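Undergrad: model the following, please.
(one chain, ligands or ions: 1)
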Amino acid sequence: MGAGITGLSLAYYLRARGVPHICCEASAEPGGVIRTRELDGHVLELGPQRLRRSAAVAALVDALGLRPEVIEGTGELPLYVYFGGRLREVPFTIATFLRTDLLTWRGKLRLLAEPLVKRSSTSAESVADFFIRRFGREAYENFLGPLFGGIYGSDPRAMHARYALARLLALEAHSGSLLLSALRMASRGGFSAALSFRRGMQVLPRALYEANRENIHLETTVRSVRARHGGYVLATAAGEIEVERLVITTRADQAADLLREVAPEAATRLARLHYNPLAVVHLHSPARRPGLGYQIRADEDCRTLGVTWNAGIFAERAGVHTSFLGGWKHPDIVNGPEARIGEIARAEFETMMGEPARVIQVHRWTHAIPAHDQSWTALDGLELPARIHLATNYTSGVGVNARIDEANALAGRLADAA
Ligand SMILES: Cc1cc2nc3c(=O)[nH]c(=O)nc-3n(C[C@H](O)[C@H](O)[C@H](O)COP(=O)(O)OP(=O)(O)OC[C@H]3O[C@@H](n4cnc5c(N)ncnc54)[C@H](O)[C@@H]3O)c2cc1C
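TA: Next comes the predicted model:
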């Protein structure tokens, strides 16, 4: 259920493995939150701004014939955090670590002491506590908090490390030092390049849909799920669909509605998961700075959470910058008039960048990103009936790459079970 990137890539990988499947999507277009719009000659992303080049993404791009469409960010692009009236560079390399004014020398020395820090013995740690314990308060407040909180639009003090940082906790348990692991990763080539498509991110879900359209049914909302003969019956406006297994890729509140009859206890738990609202404002500005953009320290008096410099990542996106507002700090901002949201984004961008800007458009998401906050304890002890699977950005990784990887792994398990 669902033809966002998870459902579409799952369908693609099932087809590649010869497993019969059907994918139902409520909306008239494939892609879920991956939504691209063209306005005044600009390609604008309402949802994800980019993905990362990985082996899985490169293989999909080639198999779908999308190579001529690909646009890539150049090399290691810098990222900034704004506070105290300035943009300050995040130290991803030793050279930037030495020169950045994001940390005092005291803060830098504390960060360097990370390999000496003991492993955690508690499972109740928040994301903020985890980063403070390992890297010190200054590194947390000045860049780890803004970067990590920025991904989810959430307050790291309210996020449980065991849900939001499961991979880092595993790395800590296995290797001891996250800093030494990061340095080893950097010596092997570091972070992979940012990637998108000339006509925008939605090119990928549209191509996945076109490659498999006989199995993907758009404008087909699943209204309810019932158990029958060891499998499940999905009710849609066009009739019933009988399936052996069911994979749900929808938002948590939508999954809760669908599971109400077959798994009432799981439905109650999923309905408790909280999402952060976000306003996405596209700005046009002559500001030209190579880089990914910036996040903002939590104590700054502003409504913007962070800004992606689309123009700084991709030469093809000249003039475009995307500002994100709302999240845990100002959830109500999305309820205000669009003109006011745009005006706040423009004014704060001009203050922080020192360059003029004009608003191209405003988009509001009432349920943007799963918050991974205290409400995630609802997942403790979550049990699903046999042959129902959740493949979602609230039970696993939130990024587009993580969604594709989970779909691929699940397709392998379903093929083995078939
Ligand atoms: C504003 C924003 C910015 C982001 N930025 C980035 C980024 O820069 N990089 C990155 O990697 N990730 C980013 N993400 C995260 C990433 O885009 C998402 O986690 C991912 O795209 C989710 O895909 P999905 O297929 O799991 O879910 P969704 O995209 O939510 O798809 C679920 C689908 O299920 C359908 N559905 C719901 N109910 C039913 C029903 N009853 N019957 C049938 N269909 C139904 C919906 O219509 C939808 O199409 C961003 C997300 C947002 C919102």
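Undergrad: can you give me the end-to-end distance of stretch 312-328?
TA: Using C-alpha to C-alpha, to the nearest Å, the end-to-end distance of stretch 312-328 comes out at 27 Å.
Undergrad: can you tell if that stretch touches the ligand?
TA: No - taking C-beta under 6 Å from any ligand atom as the criterion, stretch 312-328 and the ligand are apart, separated by no less than 6.9 Å. Glycine gets a C-beta too; all of them are placed from N, C-alpha and C.
Undergrad: how about that stretch: buried residues?
TA: 312-314, 317, 319-328 (16 or more other C-beta atoms under 10 Å).
Undergrad: sort out for me which of those residues are in strands.
TA: Here DSSP state E is the test, and the buried residues of stretch 312-328 give 320, 321, 322, 323, 324, 325, 326 as lying in strands.
Undergrad: sorry, back to before: what is the nearest of the buried residues of stretch 312-328 to the ligand?
TA: Lowest distance from the ligand to the buried residues of stretch 312-328 (C-beta to the nearest ligand atom) belongs to residue 324, with 6.9 Å.
Undergrad: so can I have JSON lines of the buried residues of stretch 312-328 showing pLDDT?
TA: Below are the buried residues of stretch 312-328 laid out as JSON lines (pLDDT from 0 to 100):
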{"residue": "312", "pLDDT": "94"}
{"residue": "313", "pLDDT": "95"}
{"residue": "314", "pLDDT": "95"}
{"residue": "317", "pLDDT": "95"}
{"residue": "319", "pLDDT": "95"}
{"residue": "320", "pLDDT": "97"}
{"residue": "321", "pLDDT": "98"}
{"residue": "322", "pLDDT": "98"}
{"residue": "323", "pLDDT": "98"}
{"residue": "324", "pLDDT": "97"}
{"residue": "325", "pLDDT": "97"}
{"residue": "326", "pLDDT": "94"}
{"residue": "327", "pLDDT": "94"}
{"residue": "328", "pLDDT": "92"}
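Undergrad: greatest separation within those residues: which pair is it?
TA: 319 and 328 (30.3 Å; C-beta to C-beta).
Undergrad: in the protein, where is pLDDT below threshold?
TA: 75, 121, 189-191 (pLDDT under 70).
Undergrad: make it 90
TA: Along the chain, segments meeting pLDDT under 90 span 73-77, 91-96, 118-124, 150-152, 162-177, 179-193, 229, 288-290, 418.
Undergrad: which residues of it lie near the ligand?
TA: 1-7, 24-27, 32-34, 47-51, 221-222, 249-251, 254, 258, 278, 280, 365, 368-369, 392-393, 398-401, 403.
Undergrad: can you select the buried ones from the residues you listed in ChimeraX?
TA: Remark: buried members of the residues of the chain next to the ligand, expressed as a ChimeraX selection using 16+ other C-beta under 10 Å:
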select :1,2,3,4,5,6,7,24,25,26,32,33,34,47,48,49,50,51,222,249,250,251,254,258,278,280,365,368,369,392,393,398,400,401,403
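Undergrad: and the helices in the stretch 151-300 of the chain, which stretches?
TA: 161-164, 166-175, 178-187, 203-210, 252-259, 264-271 (DSSP state H, counting those that start in this stretch).
Undergrad: now do the stretch 1-150 of the chain
TA: 5-16, 55-63, 94-99, 105-112, 127-135, 137-139, 145-152.
Undergrad: mind putting the ones you listed into JSON lines with distance to residue 348?
TA: Formatted as JSON lines, these follow (distance: least, C-beta to C-beta, whole Å):
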{"stretch": "helix 5-16", "distance to residue 348": "30"}
{"stretch": "helix 55-63", "distance to residue 348": "33"}
{"stretch": "helix 94-99", "distance to residue 348": "25"}
{"stretch": "helix 105-112", "distance to residue 348": "26"}
{"stretch": "helix 127-135", "distance to residue 348": "24"}
{"stretch": "helix 137-139", "distance to residue 348": "24"}
{"stretch": "helix 145-152", "distance to residue 348": "15"}
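Undergrad: hmm, residue 156 is touching residue 131, no?
TA: Yes - with contact defined as C-beta atoms under 8 Å, residue 156 counts as touching residue 131 (7.1 Å).
Undergrad: neighbour-wise, which of the two wins?
TA: residue 156 (28 against 25; other C-beta atoms under 10 Å).
Undergrad: how near is that one to the ligand?
TA: Plainly put, residue 156 is 18 Å away from the ligand if you go by C-beta to the nearest ligand atom, to the nearest Å.
Undergrad: narrow the residues of the chain next to the ligand to those in strands?
TA: Checked against DSSP E, the residues of the chain next to the ligand include these in strands: 24, 51, 278, 280, 365, 368, 369.
Undergrad: how far does stretch 206-217 sit from its chain's centre?
TA: Offset of stretch 206-217 from its chain centre (C-alpha atoms, centre = their mean, to the nearest Å): 23 Å.
Undergrad: if you could redo that for stretch 240-251, that was the one I meant.
TA: Stretch 240-251 sits 23 Å away from the centroid of its parent chain (C-alpha atoms, centre = their mean).
Undergrad: ok, and for that stretch, which residues are buried?
TA: 243, 246, 247, 248, 249, 250, 251.
Undergrad: ranking the helices of the stretch 1-150 of the chain by burial, who's on top?
TA: helix 5-16 (a mean of 24; mean count of other C-beta atoms under 10 Å).
Undergrad: who does that helix touch, helix- and strand-wise?
TA: strand 23-24, helix 203-210, helix 400-417 (3 or more C-beta pairs under 8 Å, 6 or more residues apart in numbering; DSSP states H and E).
Undergrad: so which of these gets nearest residue 13?
TA: helix 400-417 (3.4 Å).
Undergrad: tilt between that closest one and helix 55-63?
TA: 80 degrees (axes from the mean of the first three to the mean of the last three C-alpha atoms, to 10 degrees).
Undergrad: between residue 156 and residue 131, which contacts overlap?
TA: Applying C-beta atoms under 8 Å, 6 or more residues apart in numbering, one finds that residue 156 and residue 131 are jointly contacted by 140, 144, 145, 148.
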